[in-house]
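Participant: When you get a sec, could you give me coordinates for this:
(one chain, ligands or ions: 1)
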Amino acid sequence: MRTARPLLPWIVWGTAAALYAVAIINRSSLSALGPAAQEHFGIDATTLATFPMIQLIVYAALQIPVGVLIDRVGATSMLLGGSILMVLGQVVMATVHNVELAILARVLVGAGDACTFISVMRLLPEWFALKQLPVVSQLTGLIGQAGQLVSVAPLALFVSLAGWTSGFLGLAAVGLLVTILGALVIRDRPGVGTFAERILGKTGKITRNARSLGGIHNTGTVEMAPPSTEMIPVMRPTRVRGLGFWDQARRLLRIPGVRLAYWVHFTSPFASNVFLLLWGTPFLVGGIGLSPAAAGGMLSLTVISSMFAGLVLGPISSRFLERRVWVNLGIVIGIVTAWVAVLVWPGTPPTWLLIVLLVVMPLGGPASMISFEVLRSHTPRSFTGFATGLVNTAGFTASLLVILLIGLVLDWQGAGSPEDYSLSAFRVAFAVQIPFWVLGIVMIIIEQRRTGRWMRENDRKLR
Ligand SMILES: N[C@@H](Cc1c[nH]cn1)C(=O)NCC(=O)O
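Facilitator: From the prediction side, this is the model:
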């Protein structure tokens, strides 16, 4: 059955990545439908802006609980459960006219979305060799970005043709289809049955044949006892059950590599998240003076740049294992430089500088995937779900805080609504990012040093 070997991991990954792409479509499904949503629910812009905020808060708040559950019940169940929550959320969105129920719908979508990415990331080391992981992780991010593209113009067109209810029911139907596919295809690891097989109590031939894959794959996470301060790798798999949440958290956070991964994720993606999720269009239109169409065109540059970076950064971080954190730091410094140039430019920044910003800033998304590589090198396998959730919280917490602070600083300057927007007010508001970058960069440098010392003291090599 040699020929089946290389194919099944890719089929499992492709299906999981499709679930992630659909999650991103669900996540951003209102981004191009603002006016339609306002008309459908009869709401103002402020209420509309609470939809993505609530969704993001739910997403970030659930990362650690979902991570803990992934370690307990497995990535496949969480992935499929999350997908079902998003289907329900979109069915509610399609069928209600009441704004409170619409918020409930966004809570369901946010909760389902929270289960998706970290479940996919948890599956990867079970199916791919260590060397392949950076590339496959970046490809996963890239497929998510493709979902982002679909959720802008094509979804808006679909909803304008089919109508609100059919449009959102259509999205729910796509979600249901990929969930069914996932139940038939995705397995937690080689040799474990699909969700459908486990429900039926039968193990199919493909699953049985796949058992041998578990042995040949050199996975990225190490099997060892939960770490103590003097962590030494344990070659024989050890399962320690019954550790409480805080014990797990304490043990994880004692590992400098886990803290390093946290700060890498904290520092790199927030600038582009903030721009894409809320403040990009107001800044380009209300601050710079572009037309909404030109601003939309500029924003699509960010997706293309991020997808391209995803292709390049995977092989780079796999080849330069020892330097991957510096690659991340280099990208962060590029983002800071581009932003500072825009903030201090006398008068309106020229188009070329805005293009540089919109090409460099989104590199932070793919660069943040390096945090999961760092995490894999330092986290015991039995803790990976929890640790991935913890690290994924970092960038999203920073994004949420910066989104809120920009709004507050605009309000404080009396420039909180579209008619009062000005370039000078946006300059002051976007400067709130600077302390976040400084904190992140300092912590990366500190934790990188501590990690290096810890590796030397424990005689460990990066792999
Ligand atoms: N940094 C993103 C992923 C990414 C990859 N390329 C661009 N962005 C991330 O952490 N995503 C989590 C999620 O749930 O999407």
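Participant: Neighbours of residue 161, how many?
Facilitator: Counted with other CB atoms under 10 Å, residues neighbouring residue 161 total 9. Heads up, the C-betas are built off the backbone N, CA and C, glycines and all.
Participant: So which elements touch the host helix or strand of it?
Facilitator: Assigned by DSSP states H and E, residue 161 falls within helix 153-162. Applying 3 or more CB pairs under 8 Å, 6 or more residues apart in numbering; DSSP states H and E, we find helix 153-162 packed against helix 34-41, helix 164-185.
Participant: Other residues contacting the first one?
Facilitator: Put plainly, it is helix 34-41. 30, 43-45, 47-48, 51, 97-99, 102, 156, 159-160, 164 (CB atoms under 8 Å, 6 or more residues apart in numbering).
Participant: and what of the longest one?
Facilitator: Residues lying outside helix 164-185 but in contact with it, judged by CB under 8 Å, 6+ apart, are 11-12, 15-16, 18-19, 22, 25-26, 29, 36, 40, 76, 79-80, 83-84, 86-88, 90-91, 93-95, 155, 158-159, 162, 194-196.
Participant: can you rerun that using 7 Å?
Facilitator: Residues outside helix 164-185 that contact it (CB atoms under 7 Å, 6 or more residues apart in numbering) are 11-12, 15, 18-19, 22, 25-26, 29, 36, 40, 79-80, 83-84, 86-87, 90-91, 93-95, 158-159, 162, 194-196.
Participant: Run through who's touching stretch 445-463.
Facilitator: Residues contacting stretch 445-463 (CB under 7 Å, 6+ apart): 130, 231, 232, 256, 257, 259, 260, 263, 321, 322, 325, 377.
Participant: Restricted to helices, list the residues you listed.
Facilitator: Among those, DSSP state H puts 256, 257, 259, 260, 263, 325, 377 in helices.
Participant: need the strands for the stretch 1-150 of the chain, in chain order.
Facilitator: Using DSSP state E, counting those that start in this stretch, the stretch 1-150 of the chain contains no strands.
Participant: which parts of it sit against the ligand?
Facilitator: With CB under 6 Å from any ligand atom as the criterion, the stretch 1-150 of the chain meets the ligand at residues 117, 141, 144, 145.
Participant: Now do the contacts for residue 86.
Facilitator: Residue 86 sits next to 23, 26, 108, 109, 112, 113, 175 when contact means CB under 7 Å, 6+ apart.
Participant: go again using 6 Å as the cut-off
Facilitator: 26, 109, 112, 175 (CB atoms under 6 Å, 6 or more residues apart in numbering).
Participant: go on, residue 359?
Facilitator: residue 305.
Participant: how far away is it from the ligand?
Facilitator: Look at residue 359 and the ligand: by CB to the nearest ligand atom, to the nearest Å, they are 14 Å apart.
Participant: change the start of the numbering to 4 and stick with it
Facilitator: Sure, I'll start counting at 4 from here, so that last one is residue 362.
Participant: mind checking which helix or strand that residue is in?
Facilitator: Secondary structure (DSSP H and E) places residue 362 in helix 354-363.
Participant: re earlier: from the ones in helices among the contacts of stretch 448-466, pick the one nearest residue 422.
Facilitator: residue 266 (39.3 Å; CB to CB).
Participant: quick one: that closest one and residue 447 touch, right?
Facilitator: Yes: Residue 266 is within contact range of residue 447, at 4.8 Å (criterion: CB atoms under 6 Å).
Participant: ok, back up a step: any idea which of the residues of the stretch 4-153 of the chain next to the ligand the model trusts least?
Facilitator: Minimum pLDDT across those is recorded for residue 148, with 86.
Participant: what sits against it?
Facilitator: Contacts for residue 148 (CB under 6 Å, 6+ apart) come out as 306, 309, 310.
Participant: Could you report the neighbour count for the residue nearest to residue 270 when sequence neighbours are not counted?
Facilitator: Of all residues not flanking residue 270 in the chain, residue 443 sits nearest, at 2.8 Å (CB to CB, 6 or more residues apart in numbering). The tally of other residues near residue 443 (other CB under 10 Å) stands at 24.
Participant: where does residue 443 land on pLDDT?
Facilitator: For residue 443, the predicted pLDDT is 98.
Participant: gap between it and the ligand?
Facilitator: 14 Å.
Participant: next one: residue 259
Facilitator: On the measure of CB to the nearest ligand atom, residue 259 and the ligand end up 21 Å apart.
Participant: got a list of what that residue touches?
Facilitator: Counting by CB under 6 Å, 6+ apart, residue 259 has contacts 450, 453, 454, 457.
Participant: Okay, and which of these map to helices?
Facilitator: 450, 453, 454, 457.
Participant: so how many other residues sit close to the residue of the stretch 354-466 of the chain found nearest the ligand?
Facilitator: At 2.7 Å from the ligand, residue 368 is the closest residue in the stretch 354-466 of the chain, using CB to the nearest ligand atom. Neighbourhood size, residue 368 [other CB under 10 Å]: 29.
Participant: With residue 202 instead?
Facilitator: 10.
Participant: mind giving me the domain ranges of this protein?
Facilitator: For the chain, automatic domain parsing gives the domain ranges 4-221, 224-466.
Participant: and the gap between residue 160 and residue 176?
Facilitator: Using CB to CB, to the nearest Å, residue 160 is found at 17 Å from residue 176.
Participant: quick one, the worst-scoring helix or strand of the chain on mean pLDDT and helix 167-188 angle?
Facilitator: Using mean pLDDT, DSSP states H and E, the weakest-scoring helix or strand in the chain turns out to be helix 208-219, at a mean of 76. Note on geometry: by axes from the mean of the first three to the mean of the last three CA atoms, to 10 degrees, helix 208-219 and helix 167-188 are set 70 degrees apart in direction.
Participant: Just the pLDDT for residue 440.
Facilitator: On pLDDT, residue 440 comes in at 98.
Participant: right, and it touches residue 338 too?
Facilitator: No: if you go by CB under 6 Å, residue 440 and residue 338 don't touch, sitting 7.8 Å apart.
Participant: Neighbour count: these two, which is higher?
Facilitator: Comparing residue 440 with residue 338 by other CB under 10 Å, the one with more neighbours is residue 338, at 25 against 21.
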